[in-house]
Structure formats: structure tokens, C-alpha cells
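Peer 1: Kindly generate the corresponding structure for this input.
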Amino acid sequence: MHVGVDDRAALLACFEETSAVAFSVLCRLTAGDTEAALDLLVETYAYVGRKAAASRGIDVDKAWLVDAVHSVYTARPSRPGHGEIEPIASLSTRERVVVHLHEVEGWPRSAIATMLGATEAEIGDLLIAGRTALHGTDRSAIADMFRSCEVWFDDVMRAEARARLGGRRPVDSASDDTPPQAGVPTTVDLSRRTLIRAGAAASIAALAGIGVWLASGDDGESRGVDLPKAPQARSSTTASPPTASAADAQVSASTVVIDSTTGEVAVAVVSSGTLVVPPTGFVVDPLPAGLLPAGGYMDRAAVTPNWMQVWASPDADHMDGRWLALLAMDSARSAQTVEDDARRVVIGGHSGVLRLQANGAARATVALSDTVQVEARAFGFTSPMLDVLFAGMTVGDDHQPSFAAGAGAVLAGLDLVVSRPSSEVSVGDDVINGDRSSLYTSADRSQYVSIVAGPQRAGDLFATRLLSEPSIIQTTIAYSSGRTISVDGRQMLIGALDELGPDLFIQFHDGGYTVTVSGNVRLTTLFEMATNARLARFDEWSLQQEATVPTPAAERPDPSSDFFFGTDQLVQIGQVTTSSDSQWTISINAADISAADIADIADDGRIGVRIEHGLPGTDTSTRSSTFGFVVPDSDHPVSAFLETSATILVGLFDSPGAATAMRVTVDSKAPDDVPLISLGATARAGAAYAFTEIADYTVALVDAGGDVVRTIAL
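Peer 2: Okay, here's the model as predicted:
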């Protein structure tokens with residue numbers, strides 16, 4: 001984000017976008033002293049303003065901000081901390097900076113030395129001293145120690161910091177500017193870890209005199225939000241966007257505060273009427289027989305570097321009308337096993353993968369540039385229409401797509417119903433995304449139900465309806481034109497998404513939240529879970545987060561876990577350099593191929609495949625990796641994975657006989673022979689190849705003399 005010289009509006013916008021990240025880092029460095037962290041936060045953005053003025057404008061990203069936060073913290077005068085958390089509290093200022101930058105942020109010693117104006121030897125001594133004070137634990141444990149000091153950056157603290165920077169939040173009335181009454185603690189003291197807890201007598205008196213706010217969300221009418229600015233070409237008859245409610249509700253003044261660490265009443269009273277209880281996830285009460293709480297998480301500071309858009313005609317449905325869903329992102333690779341209707345093509349002058357179905361559905365992944373990739377799912381769009389759209393598409397720094405004027409004819413009659421930042425890398429995942437989740441499983445962990453929730457977003461149920469396939473069960477149930485079923489006053493959408501595999505989901509609004517319930521249980525159980533789901537109280541959410549279901553002693557490990565996490569079992573079966581800056585390395589999981597009978601491989605006959613892509617000569621740690629599976633088939637032993645920039649062929653041959661290589665011929669190019677790699681003590685062999693051309697190809701097995709032993713059916 002750019003901050004110009006004396007540009008107060010840009011500085012405050014930078015604060016709104018990045019302050020939560022800066023505050024979390026400062027909480028780690030101050031060992032949970034939120035008063036100090038808030039002071040340093042204000043100083044950090046004052047420093048940003050000074051740097052912008054001195055440099056005639058600066059670009060602030062996360063790396064720059066992390067550097068600035070550590071610099072500001074290091075420069076502060078030494079002072080006693082308040083409520084600091086051990087063992088971080090035992091470290092000196094410079095030890096905290098050095099250990100945090102090295103162990104959590106991953107900075108090399110040389111960079112830390114440059115920032116602190118020290119020698120690398122001095123940084124090494126500080127690092128050793130800091131690690132010793134933290135009991136010599138490993139990097140992951142040290143990172144957890146720092147993160148345990150993080151404090152929720154609530155609206156009260158945000159408003160306080162912004163006011164001290166000279167900016168004001170939008171207010172609904174003059175009453176929001178009224179100074180707090182004398183004797184009322186300032187909002188800066190209302191941190192979740194440093195609030196002084198009341199004793200039992202004080203708690204009872206406060207409860208009797210004022211009452212405790214324990215409401216879990218706002219079940220009233222939604223209050224509405226505006227869609228972000230639309231792209232250049234759009235319909236002139238855009239419908240009003242669906243409204244969404246602020247999920248974490250505000251409260252009236254004179255409300256007793258609950259300490260979010262313990263759940264006890266704190267000796268402090270809210271004067272400004274903002275959030276006083278920590279956010280919680282959803283729990284199910286009562287639970288269906290056979291399911292147990294198995295954990296929960298919350299991440300309200302997820303990075304949203306990508307952008308989601310949905311365009312739709314007024315009559316659009318999953319297989320009706322016309323609609324287009326787009327997700328623009330950094331080139332996050334998303335290889336997919338080829339299907340009969342999928343192929344690599346040129347779309348609007350860009351390389352991509354296209355799947356057109358006879359029923360009018362389309363899917364495309366397009367490399368808009370070397371660094372930007374766009375996923376599209378659509379209904380009612382032809383290949384020429386997609387050509388026009390992508391030929392004139394551009395994306396901004398925030399990845400928000402815009403279209404050239406020529407796209408107006410293709411988008412005619414469609415309204416922009418969704419336009420928002422996203423943290424996901426597929427459009428299906430975006431519509432079932434949330435910032436909090438609860439998990440329930442059976443005792444043997446063979447069945448599960450997940451409850452994901454987050455603040456309502458404009459058009460969320462409509463976007464889910466377009467992208468998801470209706471459940472077959474709905475053909476026997478009366479449901480509304482919006483494809484929802486009314487259950488206990490909630491309008492519930494049922495469907496299936498590729499991202500969830502064979503499992504169904506139910507999605508609905510609850511107060512200011514959108515809730516998605518999915519799992520591999522019977523639909524009646526899923527409905528029961530959805531009906532009984534509600535926002536948890538603090539104590540319930542704490543128990544849910546801590547809940548675990550022990551692994552049955554006789555449980556067989558998930559075959560995919562060995563593949564994804566036991567990478568020492570991988571066997572490289574091919575490496576191809578397609579250009580000066582592009583090399584593909586393909587490996588398979590050796591553990592999956594040791595079975596005496598091909599039918600015994602894993603639980604479902606699948607074998608894990610890892611595809612690495614990066615600069616020639618680099619190692620795995622610097623490359624991007626895609627994981628997938630192939631299913632051995634003696635009649636069709638070669639599987640294809642498609643990416644926007646390459647086709648990857650993986651051959652697994654049960655008994656190759658005299659063959660020593662897999663020969664790949666692309667279009668009219670000279671054939672390329674890839675050596676067969678023996679797979680363990682079995683008679684099986686594997687080989688892999690990659691090419692960038694968008695062209696037809698053939699595959700054969702050849703012997704040592706180059707003669708064809710077998711032509712492979714594709």
C-alpha cells in the first residue's frame with residue numbers, strides 16, 4: 001500500500017489494513033503487555049508517516065511493516081512491563097528482537113545485524129542467550145511461545161490508536177465522541193490478557209448491579225454492506241446486493257467486561273459501547289448420539305491477497321440462466337487430473353486449462369501473466385465468450401479483475417453480485433470459507449461433521465447456490481426458489497461441492513454469521529447438527545477448542561498422511577527442464593507401491609504423486625509443490641496432470657518387460673525418451689515427463705535399442 005507525503009488519508013487507510021498484523025507482532029515482543037503494544041503501534045504508524053515524508057512516499061507491505069515494528073520496539077526507552085507473560089518476559093529487548101526475527105520471521109543473522117547496527121557475532125551471542133532463556137527448545141516451540149502472547153486487537157483498541165493518530169472512525173452520532181466519564185478506565189486497558197480479574201465478591205456485586213453481557217451475535221435484521229467498486233464493464237441494471245450483518249455485535253455502555261482468558265468478570269466497565277466478550281465459534285447442543293467434540297479454531301486475521309467476483313443474470317441458478325465466478329490470485333498452482341472434457345488451450349491469448357461440458361457448464365484456469373492466475377467457473381458461456389473476457393481482463397494490485405470495453409457484450413444482462421477479497425485459491429473453497437470452525441467425530445474417527453462460520457458477506461448464499469450442485473435428496477423435499485429448506489426458522493441451502501468430495505453441506509444464516517455444516521454422516525444427522533448449532537458461550541468455546549478424540553489403537557493410518565508428510569518415502573521418477581527458469585520434478589510415494597498385489601495399494605488403490613516446479617538447480621524448499629494421486633491401470637498406465645503452463649505425464653507400469661524407457665512425442669517434435677525407474681523389489685517401473693506446448697502427443701515404451709515395445713493408449 002502506498003503512503004504519500006503528508007497523505008493523512010493514505011496513512012489511516014494503511015493503518016486500517018495492516019494494524020492488526022503490526023499489533024500482533026508487538027504483543028509478541030512486549031510479552032503480552034497490551035498497553036505498551038498499543039503505544040508502540042501508534043508510534044509505528046507515526047514512523048510510517050515520517051518515512052513517507054522523508055522519502056517522498058513509500059510502499060508499505062508486510063515485510064516492510066515487520067521491519068518497522070521491530071525498529072520502533074528496539075528504539076523505545078526501557079521501562080518495566082505490565083502483566084508480561086513468561087518465558088518471553090525473561091528476555092531483554094534485544095534478545096526478543098533477535099530471537100523473534102530469527103526463529104519466527106525467518107530472518108538470517110546478517111539481516112538482523114544490519115537492522116540493529118551490530119556484528120553477526122553479536123547477533124549470534126544474543127541468539128544463544130535468548131534460546132538458553134527459553135530452555136533451548138526448537139524453532140516451532142519458540143514460535144508458539146511468542147504467539148501465546150498475542151492479544152485480540154478489538155474495536156476499542158483500534159479506535160483508541162486511530163484517534164491518537166489523528167483520525168476518527170465513522171460515527172453514527174455525536175454521542176460516539178463523548179469523552180468517557182471520570183473514573184472510568186480507558187479503553188486501552190481492556191485487553192484480553194491484562195484485565196485485572198475481579199474477586200468473587202466484586203463479581204457478584206457487578207452482576208447484581210449491572211448484569212453481564214453474554215449475547216452471542218445479533219439475531220436481528222441484517223444491516224447491509226456495500227459491494228466494493230465494480231470493474232469497468234458491467235450491466236447497467238445491477239440489482240441491490242444482499243445485505244450482511246456485523247457479526248461481532250456492539251453493546252451498550254456500562255457493561256461488565258468478561259476476561260477472555262478465564263471467562264471471569266473483570267474489574268472494568270465499557271464506556272464507549274463496543275465488544276466486550278471474545279468472539280467464539282459455533283457448537284452443537286445437543287449432540288446426536290455417536291458424535292463427540294474434536295476441536296475448534298479461530299483465525300480472524302487471515303490474509304486475503306486474492307479476489308473473488310460473481311456475475312449472474314436475474315434467473316441464474318446452478319444449471320440455469322447465465323453466471324460467471326472468478327478468483328484472481330498469485331500464481332498458486334492447481335494441477336488437476338485430466339478428464340475427457342479437459343484440455344490445455346489458449347484463452348484470450350493466455351495459456352490455460354479448459355473444461356467445457358455438454359450441459360453448458362465450463363471451468364477454466366488461465367495464466368493471466370507470469371504471476372497472476374485466474375480460476376473461472378461458469379454456466380451459459382461458450383469458449384469464444386471466455387476468449388473475449390480473458391483477452392481484455394486486467395487485475396489490480398489487490399487482484400480485483402477489470403474488463404475491457406469489448407467484454408461488455410459478453411457480460412450484458414449480468415449483475416455483479418459478489419466482489420470481495422479472498423484468502424482461498426479456489427472459488428468453491430471461498431464460498432464455504434469462514435474465520436472459525438468446530439469439528440465433531442465419532443469415537444473411531446470414521447465419521448466427522450465440520451461447522452465453519454464467519455461474518456455474513458454480501459451475496460454469499462447466492463454464490464454458494466450457483467457453484468454447488470443440488471442434492472439428489474432435494475428432489476423429494478419441497479424447497480424454495482432459492483433452493484433452501486426452512487428448518488426451525490432457518491433457510492438452509494443443501495448441496496455438494498467438488499472441494500468437499502462426496503460429502504454434502506448445509507449452509508444458512510444465523511444472526512450476523514454464515515454457517516456451513518458438512519460431513520460424511522447421513523443427511524438426517526447433518527440436518528440435526530445444523531438445527532442444533534448455535535454460537536457458543538466463552539466457556540463452551542474454550543472446551544470445544546481443547547477437545548480431542550483419541551486415536552483408536554487399532555486404527556490404520558490414513559494412507560494420504562504418509563504421502564503428504566512422509567516425504568522421505570518419495571522416489572523421483574522424472575525431471576524435465578522446459579526453459580531457463582522452469583524445471584519440473586515428479587516423484588511418487590514408495591510406501592504405496594510395495595504391495596504385492598496392485599489391488600492392495602493403499603485403501604482405494606491410489607498412489608501419491610508430488611510435482612515440484614521451480615528454477616533449475618534449486619532444492620525442494622524453494623519450489624512450489626502440487627500433490628495428487630494416480631490409480632494404477634494396466635490398460636491405461638499413463639495419467640496426465642494439467643497446469644496452465646505445462647502438461648505432466650506420470651507413467652506407472654506393472655510389468656514393462658524389455659522396455660527401458662517411456663517415449664513421449666509432442667506434435668512434430670523429435671521424441672524424448674525418459675528412463676524407467678524400478679520401483680522397489682517389485683516388477684513395477686515408473687517414469688514422468690513434462691512439456692509446455694499446447695499440442696497433441698503420443699506415448700510408447702521402448703527397449704534399449706530404441707525399438708517400440710508397446711504403444712500406450714491415452
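
Peer 1: C-alpha from now on. contacts and neighbour counts both.
Peer 2: OK.

Peer 1: hey, which strand is longest across this structure?
Peer 2: Identified as the longest strand of the chain according to DSSP state E is strand 570-579.

Peer 1: Show me what secondary structure element comes after that strand.
Peer 2: strand 582-589 (DSSP states H and E).

Peer 1: how far out from the middle of the chain is that next one?
Peer 2: Relative to the centre of its chain, strand 582-589 is centred 25 Å away, using C-alpha atoms, centre = their mean, to the nearest Å.

Peer 1: now swap in stretch 670-680 and tell me
Peer 2: Worked out by C-alpha atoms, centre = their mean, stretch 670-680 lies 38 Å from the chain centre.

Peer 1: Find the least confident helix or strand in the chain, judged by mean pLDDT.
Peer 2: Within the chain, no helix or strand scores below helix 200-209, which has a mean of 27 by mean pLDDT, DSSP states H and E.

Peer 1: Now do the residue nearest to residue 377 when sequence neighbours are not counted against residue 324, distance only.
Peer 2: In this structure, residue 377 finds its nearest non-sequential neighbour in residue 363, 4.5 Å apart by C-alpha to C-alpha, 6 or more residues apart in numbering. Residue 363 is 10 Å from residue 324, where distance means C-alpha to C-alpha, to the nearest Å.

Peer 1: same check, this time on residue 135
Peer 2: Plainly put, residue 135 is 55 Å away from residue 324 if you go by C-alpha to C-alpha.

Peer 1: if you count what's nearby, which of the two comes out ahead?
Peer 2: Using other C-alpha atoms under 10 Å as the criterion, residue 135 and residue 324 rank with residue 324 on top: 26 against 11.

Peer 1: So the more buried one sits against residue 382, correct?
Peer 2: No - between residue 324 and residue 382 there is no contact under C-alpha atoms under 8 Å: 11.5 Å.

Peer 1: What residue spans form the domains of the protein?
Peer 2: As given by automatic domain parsing, the domain ranges for the chain are 2-147, 284-302+431-546, 306-417, 559-711.

Peer 1: Let me have the ones you listed in JSON lines, extended by mean pLDDT and distance to residue 157.
Peer 2: JSON lines is the format used below for the domains of the chain (pLDDT from 0 to 100; distance: least, C-alpha to C-alpha, whole Å):
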{"stretch": "domain 2-147", "mean pLDDT": "87", "distance to residue 157": "7"}
{"stretch": "domain 284-302+431-546", "mean pLDDT": "87", "distance to residue 157": "15"}
{"stretch": "domain 306-417", "mean pLDDT": "88", "distance to residue 157": "27"}
{"stretch": "domain 559-711", "mean pLDDT": "80", "distance to residue 157": "39"}
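
Peer 1: Please tabulate those domains in TSV, including the columns distance to residue 163.
Peer 2: Below are the domains of the chain laid out as TSV (distance: least, C-alpha to C-alpha, whole Å):
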stretch	distance to residue 163
domain 2-147	10
domain 284-302+431-546	22
domain 306-417	27
domain 559-711	43
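
Peer 1: Identify the contacts common to residue 363 and residue 324.
Peer 2: 376, 377, 378 (C-alpha atoms under 8 Å, 6 or more residues apart in numbering).

Peer 1: between those, which is closest to residue 663?
Peer 2: Closest approach between the shared contacts of residue 363 and residue 324 and residue 663, by C-alpha to C-alpha: residue 376, at 34.0 Å.

Peer 1: Check which helices and strands the host helix or strand of that closest one sits against.
Peer 2: Following DSSP H and E, one finds residue 376 within strand 372-379. Helices and strands touching strand 372-379, by 3 or more C-alpha pairs under 8 Å, 6 or more residues apart in numbering; DSSP states H and E, are strand 323-330, strand 361-367, helix 427-431.

Peer 1: Specify the next element, helix or strand, located C-terminal of the shortest one.
Peer 2: Yep, that's helix 427-431 we're talking about. Criterion used, DSSP H and E; the element after helix 427-431 is strand 436-441.

Peer 1: Could you pull out the buried residues of that following strand?
Peer 2: 436, 437, 438, 439, 440, 441 (16 or more other C-alpha atoms under 10 Å).

Peer 1: The third one: what's it in contact with?
Peer 2: With contacts defined as C-alpha under 8 Å, 6+ apart, the neighbours of residue 438 are 281-283, 293-297, 450-452, 544-545.

Peer 1: JSON lines please, covering the residues you listed and showing secondary structure.
Peer 2: Listed next are the contacts of residue 438 as JSON lines, based on DSSP: H, G, I helix; E, B strand; the rest coil:
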{"residue": "281", "secondary structure": "coil"}
{"residue": "282", "secondary structure": "strand"}
{"residue": "283", "secondary structure": "strand"}
{"residue": "293", "secondary structure": "strand"}
{"residue": "294", "secondary structure": "strand"}
{"residue": "295", "secondary structure": "strand"}
{"residue": "296", "secondary structure": "strand"}
{"residue": "297", "secondary structure": "strand"}
{"residue": "450", "secondary structure": "strand"}
{"residue": "451", "secondary structure": "strand"}
{"residue": "452", "secondary structure": "strand"}
{"residue": "544", "secondary structure": "helix"}
{"residue": "545", "secondary structure": "helix"}
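
Peer 1: and of the residues you listed, the nearest to residue 501?
Peer 2: When the contacts of residue 438 are compared against residue 501 (criterion: C-alpha to C-alpha), the nearest one is residue 450, at 13.8 Å.

Peer 1: wait, isn't that closest one in contact with residue 433?
Peer 2: No - the pair residue 450 / residue 433 is not scored as a contact, 11.7 Å apart, by C-alpha under 8 Å.

Peer 1: Not counting sequence-adjacent ones, nearest residue to residue 42?
Peer 2: In space, residue 42 is closest to residue 161, 5.8 Å off (C-alpha to C-alpha, 6+ apart).

Peer 1: Contact partners for that neighbour?
Peer 2: Applying C-alpha under 8 Å, 6+ apart, the residues contacting residue 161 are 38, 39, 41, 42.

Peer 1: And it, what's its pLDDT?
Peer 2: According to the prediction, residue 161 has pLDDT 84.

Peer 1: same check, this time on residue 196
Peer 2: The model's pLDDT for residue 196 equals 22.

Peer 1: What strands line up against the strand holding residue 376, and which way round?
Peer 2: strand 323-330 (antiparallel), strand 361-367 (antiparallel) (DSSP bridges).

Peer 1: Point out the one among those that comes closest to residue 698.
Peer 2: strand 361-367 (24.2 Å).

Peer 1: Please put the alpha-carbon coordinates of that closest one into CSV.
Peer 2: Only the C-alpha atoms of strand 361-367 are listed here, as CSV (Å, rounded to 0.1, in the frame of the first residue of the first chain):
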residue,chain,number,x,y,z
ALA,A,361,-21.1,-25.7,-17.6
ALA,A,362,-17.5,-24.5,-18.1
ARG,A,363,-14.3,-24.4,-16.0
ALA,A,364,-11.1,-22.6,-16.8
THR,A,365,-7.8,-21.8,-15.2
VAL,A,366,-5.9,-19.1,-17.0
ALA,A,367,-2.3,-17.8,-16.6
